[in-house]
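[1] What follows is a predicted protein model with its sequence.
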Amino acid sequence: MAQPANSERQFPIVLRFKPMFPHDIAGYALHEERKGRGSKHCESGMAMANRLNLIGEPDWRERFNERYELARLSNFAEELEALEALGRKKDWADRADGGPQDPWKASKQGPLREVIITANKEWFNAFDDPSLLINAARSAREDAFVETSIA
C-alpha cells in the first residue's frame, strides 16, 4: 500500500482562499479549461481525474457578470434616489456624473475569493501498483473527499 503523506513535511489536504478581482475571472476560466500558458507543470495524463467547480452551474461566469452589473446599477439608482429625496441637487449632479461604481469597498485583496481545495495524491492511492489507481476504494475516497469539501 502507498504510504500516507508525511505529516511533518506535507499536508494531505490543503484548503486555500486566494484573493480575486472580477477581472481575474477570465484567467480563472482559461485555467479551468486548461487553455493558455503555464500548464507544463500539470500531468496531462491525469487531467481527466480533475473535478473543477464542484459547486455551481456551468454558466457561473455569465451569472456572476449579470449579478455584478445589476448590483452596480441598482446601487447607483438607489444613491441617486436618496440624494433626490434629500433635495441635494448639487450632490445628485456630482454623483450622476460619476456613473455606476463597483458594489464593494475598495481593498488590496479584492472582493472575491477563489476557494482551492486539493489533496496529495498519496492520500487517494490505495495501492502501489499504478494500474490500480482507478478502483472502488479510491473512487469511494474521492467521493468522500468531494462530499466533505462541499458540505
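    The structure has been received and is ready for your questions.
[2] ok, now which ones touch Leu83?
    Neighbouring residues of Leu83 by C-beta atoms under 8 Å, 6 or more residues apart in numbering: Asp91, Trp92, Arg95. (Each C-beta comes from the backbone N, C-alpha and C, glycine too.)
[3] what's the helix or strand for it?
    Element membership of Leu83 [criterion: DSSP states H and E] is helix 60-85.
[4] before we move on, back to that, the contacts of Leu83 in strands, which ones?
    Filtering the contacts of Leu83 for membership in strands, criterion DSSP state E, returns an empty set.
[5] and of these, the nearest to Glu78?
    Minimum distance to Glu78 across these is 10.9 Å, recorded for Arg95 (C-beta to C-beta).
[6] Just the closest of the contacts of Leu83 to Gly56, please.
    Arg95 (34.3 Å).
[7] pLDDT score for Glu122?
    The pLDDT attached to Glu122 in the predicted structure is 68.
[8] Please name the nearest non-neighbouring residue to Leu112.
    Using C-beta to C-beta, 6 or more residues apart in numbering and skipping residues adjacent in sequence, the residue nearest Leu112 is Met20, 4.0 Å away.
[9] Could you pull up the contacting residues of the one you found?
    Under the contact definition (C-beta under 8 Å, 6+ apart), the residues listed for Met20 are Tyr28, Gly110, Leu112, Arg113, Glu114.
[10] Now rank the contacts of Leu83 by neighbours and give me the top one.
    Trp92 (18 neighbours; other C-beta atoms under 10 Å).
[11] Quick check: that one vs Pro100, distance?
    Distance of Trp92 to Pro100, computed by C-beta to C-beta, to the nearest Å: 15 Å.
[12] which one of the contacts of Leu83 is nearest Leu73?
    The shortest approach to Leu73 among the contacts of Leu83 belongs to Arg95, at 13.7 Å (C-beta to C-beta).
[13] which stretches of this protein form helices?
    Along the chain, counting by DSSP state H, helices occupy 25-32, 60-85, 89-98, 121-124, 136-149.
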